[in-house]
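# What shape does this take:
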Amino acid sequence: MLTDQPPLIAPTARPSLEQALQLKLARRAGIAGSMGELEPLAVRIGLIQNHLRPRLRQPQLLLFAGDHGLAVDVSTPQARGTAATVDDILENRVPLPLFAHRQGLTLHLVDSGLATPLPPRPGVLARKIAHGTRNCRVAQAMTLDQVSAAIRAGMEIADALPGNALGCAGLGVGSLQAAALVISRLTGLPLRELINAGPDMDGLELEHAMVVLQAAQTRHGNVEDPVEVLAAFGGFETAMMVGALLKAAEKRHLLLIDGMAACAALIIASHIAGPVADYAVFCRSTEHHGLDAVLAGFQSTALLALGMHSIDGTGITLSWPLVDAAAALLSDVVDNVEPLPVSTTGTSGGIDTPVPAGVPQREFITLPDR
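Residues are numbered from 1 along each chain as shown. As a prediction, this is how the structure comes out:
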């Protein structure tokens, strides 16, 4: 199995660098004032890149699309199918691709396992594992071989992309419910809490979903290994995101996570290689209450919450300018002096170089600009 040799992902914690980044921001605050929540975000980006002057370049947004056999049990007659939503994105009938283009993100729609064929066209990556998963209420959604193939495909996609910032989101009818099953099994969060959209959710719809998903839980009640849990409940879009997140974190890229399926992928990736969560910044495209519970489990909140109810990934496009601005606080604002120096002896630690009294600190900064 792929997970027998997980990627080597370095923890981002480095106290000496964190102190230097904070001092750098503190000196600027004396002139320009505090930048509030942008400052801890800037520090995180600096730690992710292991650099005093982090620079974000060529941001990529991967939208993984897959169909679920579970959809026959949880979708409503008036709900739009996955294929229709994919077509809306490709034809610019929804804001997501327009926002991505305006903010400078390159959007790739990945056919992870759509039930219907998707004709070749610019912006589409055809990596279909199968024509949708099986219904996890009555069978295992995916085989372990399919899960492994999907994770590998996600790693290959992320490895081939340019830039050093990757946004990930999932798309598919039944994707949220499958992700909720995965998250509930791996974290212990109550399933009802995860699938409850909020006070506006119809009570009968919630109870019907609970009956279906509890049946799926019971059928796969003895499954605990994270990869086997993913195989039990699905789906292909989540499995590919696992691989993409692992590979991007291995390359010390910033991760932008949006939606329940992306959170499920991050949880699984964290079981495979724990430090991957250090690289994640959370975004949101919907006010779904279940997502609140998941983010609380990560001890985090979304960077930007606008009360939207849109396609996952939309929140990434709107949050990106804030992320880019946070990095610019460290990379582009001109200083007369630099923060305390940081050793360049490695990517995961080192000993600070002392600064003799009266000598400008800039002379002891040996980290190159990027």
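
# hang on, Leu109 is in a strand, isn't it?
Yes - using DSSP: H, G, I helix; E, B strand; the rest coil, the assignment for Leu109 is a strand.

# quick one, what contacts it?
63, 65, 86, 89-90, 123-125 (Cβ atoms under 8 Å, 6 or more residues apart in numbering). All C-beta atoms are positioned from the backbone trio N, CA, C, and that covers glycine.

# Could you turn the buried ones of those into a PyMOL selection?
A single PyMOL command selects the buried members of the contacts of Leu109 (16 or more other Cβ atoms under 10 Å):
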select buried, resi 63+65+86+89+90+124+125
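
# nearest to Val323, of the contacts of Leu109?
Leu63 (17.8 Å; Cβ to Cβ).

# That closest one and Asp111 touch, don't they?
No - taking contacts as Cβ atoms under 8 Å, Leu63 lies outside contact range of Asp111: 10.4 Å.

# in what helix or strand does the closest residue in space to Leu186 that isn't next to it in sequence lie?
Nearest residue to Leu186, sequence neighbours excluded (Cβ to Cβ, 6 or more residues apart in numbering): Ile267, at 5.5 Å. Here Ile267 sits within helix 260-272, counting by DSSP states H and E.

# hey, C-alpha coordinates of the next helix or strand after that helix in CSV?
Sequence order places strand 280-283 as the next helix or strand after helix 260-272, per DSSP H and E. Coordinates of each C-alpha in strand 280-283 appear next as CSV, following Å, rounded to 0.1, in the frame of the first residue of the first chain:
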residue,chain,number,x,y,z
ALA,A,280,-3.2,24.2,6.0
VAL,A,281,-5.2,27.5,6.0
PHE,A,282,-9.0,27.0,6.0
CYS,A,283,-11.5,28.8,3.8
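
# So which elements touch the helix holding Ile267?
strand 165-171, helix 175-187, helix 226-233, helix 236-250, strand 254-258, helix 289-297 (3 or more Cβ pairs under 8 Å, 6 or more residues apart in numbering; DSSP states H and E).

# Pick the most buried one from those.
Neighbour counts averaged per stretch over those are highest for helix 236-250, at a mean of 31; criterion: mean count of other Cβ atoms under 10 Å.
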